[in-house]
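[1] Using only what follows, build the 3D model:
(chains A and B)
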Amino acid sequence: MADDKKVAVLGVGMHPWGKWGRNFVEYGLTAARAALADAGLAWRDIQFVSGADTIRNGYPGFVAGATFAQALGWTGARVASSYAACASGATAVAAARAQILAGLCDVALVVGADTTPKGFFTPVGGDRKDDPDWLRFHLLGATNPTYFALYARRRMELFGATEQDFAAVKVKNARHGLANPNARYRAEVTVEEVLASPMVADPLRLLEICATSDGGAALVLTSTDFARRHAGGSGFVTIPAVSTVTPRFPQTVIEMPNFATDSAVAADGGIGPGFKRSIAHAAYEEAGISPEDVDVAEVYDLSSALELDWYEDIGLCKEGEAERLLRDGDTAVGGRIPVNPSGGLSCFGEAIPAQAIAQVCELVWQLRGQADGRQVEGARVGVTANQGLFGHGSSVVVTK
Amino acid sequence: MAPTKSAIPAIDGWFTTEGSPTLLGSRCRTCGTYAFPRETYFCRNPECDGMEFEEVPLSRRGKIWSYTDARYQPPPPYRAAEPYVAFCIAAVELTAEKMVVMGQVVPGVGVDDLSIGTEVELVTDVLYEDDDHEYLVWKWRPLASGDLTGDAHG
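    Predicted structure coming up:
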């Protein structure tokens, strides 16, 4: 693994997920202070603040980096703010990592936090007939679960996935999240209870679709030289790769918030393996590893069915084999390749700009052996995977 | 007798309403790539520098790529009728254009009536109405077997 691509993760911190109804800045600050304390560093030590934006909390959310910097107390630190929908957190990590690898700073703070409304995510207000995200609600009544359900139905048709499989993903993740102090939902659930929950977008039921949550997550990233000086012989977790890839034309799978796929009529070179497949593989390539090296994964289970797609897309198994992996217990903690030991979105709900950062927090705790009650024994390599609408890939490799 | 409301598209220029309605897409004059809604500036094919497009009607018929329904009333800016009635949404593969286009499925069709591969055709239907107008949108209608034998043009 190329050392010159690595940054150290010295500190991680979160504000518990929930529906707290407070200002998002409070969650970000709590997470930032926890990450600084975890790193043994002070706010004054931070040279670069990388904020992940929220678009539902007014102007302060659009300039999240500066908002958090002001709330922590202006120190003159340099700042950037990133928006990439669900992938915003990974984009903020990528911005901080690039600053460190370029030698422009040694110590950076990455923060994302959100306060969310109840119910379906809706487009930003106003009459906006040139915005596909507004139009898909207006003309089709297509919510986010609409798209998740289209993919779930494809899995049933192509690979024989069953409603029981989708429910079993929820049961697994609920069990994982039981001991996680930052998870919003901490209760066991049975397959029968999942299948008795109301249908939202056939074949997906209420308990199989992630909620929207408040929460905050933060990382302190440093150069490996700085980490060696600061942490001494105690060792530290590193990030050797961050993938923020976009799709390749023609994108033949319908994606939020689009009305149509690309047309493939002019695709002389044929159609590639697809966007979701490219996301983690770009990170593996950058890190110089392969899927077989991965010990633990945090993937974006916006729906329980979508988690199964990710098993294949991040290379844990071949296409069509995800159900077998699940049924064999391979992806449960204690299994061959645990997925979402944190409990995933299933137990957290989605706090958009914090979520990709929270995935990294979990992997850092896992690799340090600090994931009480959900520890993947001996984990040395972890990967996150996530996708933001409008074509944002997000995958982070974390290694010990 | 009260004057009947006039029916107008809920969005201009995305589909025709007369006769057999069609979606209006674009086709790049350089590489032939289709787009829906219409592309007007730059071709999306990264190998193509095309900036000229012709407006083209898209195939009226296709096969369902996947489908679902909306059991809960979608939030605004969707304007749901009251009381709310669930509807299906289908993503439909168009063979000639090599693309998939989403649309609501006509009222009265449930998920149990659909399957992947079901043949559908484009119609227009009322999306919502106000005091002055009915606002139309495109919808997919499953073809009964009679339709398939009765019309060879598609």
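[2] contacts and neighbour counts: CA atoms only from here.
    OK.
[3] Packing partners of the helix or strand that residue A:35 is a member of?
    Here residue A:35 sits within helix A:24-39, counting by DSSP states H and E. Judged by 3 or more Cα pairs under 8 Å, 6 or more residues apart in numbering or on different chains; DSSP states H and E, the packing partners of helix A:24-39 are strand A:7-18, helix A:64-72, strand A:107-114, strand A:214-223.
[4] Strands of the stretch 151-300 of chain A, start to end?
    Secondary structure of the stretch 151-300 of chain A (DSSP state E, counting those that start in this stretch): strands at A:199-201, A:204-205, A:214-223, A:237-243, A:296-299.
[5] Show me what the shortest one pairs with in its sheet, parallel or antiparallel.
    Pointing back at strand A:204-205 there. Partner strands and pairing direction for strand A:204-205 (DSSP bridges) are strand A:199-201 (antiparallel).
[6] and the strand it pairs with, what's its mean pLDDT?
    Mean per-residue pLDDT for strand A:199-201: 98.
[7] what's the answer for stretch A:287-296, then?
    98.
[8] I'd like the helices and strands packed on helix A:24-39 as JSON lines, with mean pLDDT, distance to chain B and mean neighbour count appended.
    Output for those, formatted as JSON lines (pLDDT from 0 to 100; distance: least, Cα to the nearest Cα, whole Å; neighbours: other Cα atoms under 10 Å in any protein chain shown):
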{"stretch": "strand A:7-18", "mean pLDDT": "98", "distance to chain B": "22", "mean neighbour count": "26"}
{"stretch": "helix A:64-72", "mean pLDDT": "98", "distance to chain B": "27", "mean neighbour count": "21"}
{"stretch": "strand A:107-114", "mean pLDDT": "98", "distance to chain B": "20", "mean neighbour count": "32"}
{"stretch": "strand A:214-223", "mean pLDDT": "98", "distance to chain B": "20", "mean neighbour count": "31"}
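[9] export those to CSV and tack on distance to residue A:25?
    Below are those laid out as CSV (distance: least, Cα to Cα, whole Å):
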stretch, distance to residue A:25
strand A:7-18, 11
helix A:64-72, 7
strand A:107-114, 7
strand A:214-223, 9
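[10] Ramachandran angles for residue A:323?
    Residue A:323 adopts backbone torsions of phi -60, psi -40, taken as degrees, to the nearest 10.
[11] what's the pLDDT at it?
    Per the predicted model, pLDDT is 98 at residue A:323.
[12] how about the most centrally placed residue in chain B, what does it touch?
    In chain B, the residue lying closest to the centroid (Cα atoms, centre = their mean) is residue B:138, at 3.9 Å. Residue B:138 makes contact with B:15, B:23, B:103-104, B:122-125, according to Cα atoms under 8 Å, 6 or more residues apart in numbering or on different chains.
[13] Could you rerun that using 10 Å?
    Contacts for residue B:138 (Cα atoms under 10 Å, 6 or more residues apart in numbering or on different chains) come out as A:139-140, B:9-10, B:14-17, B:21-23, B:102-106, B:122-127.
[14] now residue B:75
    Residue B:75 is in contact with A:119-123, A:137-138, A:141-143, counting by Cα under 10 Å, 6+ apart.
[15] Local confidence estimate at it?
    93.
[16] Kindly list the main-chain dihedrals of it?
    Note on residue B:75: backbone dihedrals following degrees, to the nearest 10 are phi -80, psi 170.
[17] what does residue A:255 give?
    Main-chain torsions, residue A:255, degrees, to the nearest 10: phi -120, psi 150.
[18] I'd say it and residue A:143 touch.
    No - judged on Cα atoms under 10 Å, residue A:255 makes no contact with residue A:143 at a distance of 12.0 Å.
[19] Which one's more surrounded, the two?
    residue A:143 (24 against 18; other Cα atoms under 10 Å in any protein chain shown).
[20] Return the residues in contact with the more buried one.
    A:120-123, A:133, A:136-137, A:201, A:256-257, B:70, B:72-75, B:78.
[21] What confidence value was assigned to it?
    With respect to pLDDT, residue A:143 has a value of 96.
[22] Also residue A:369?
    Here, the pLDDT recorded for residue A:369 equals 97.
[23] Over to the one 3 residues further on?
    The per-residue pLDDT reported for residue A:372 equals 97.
[24] hang on, it is in a strand, isn't it?
    No - in this structure, residue A:372 is coil, not part of a strand, as judged by DSSP: H, G, I helix; E, B strand; the rest coil.
[25] so how many other residues sit close to it?
    When neighbours are counted by other Cα under 10 Å, residue A:372 comes out with 12.
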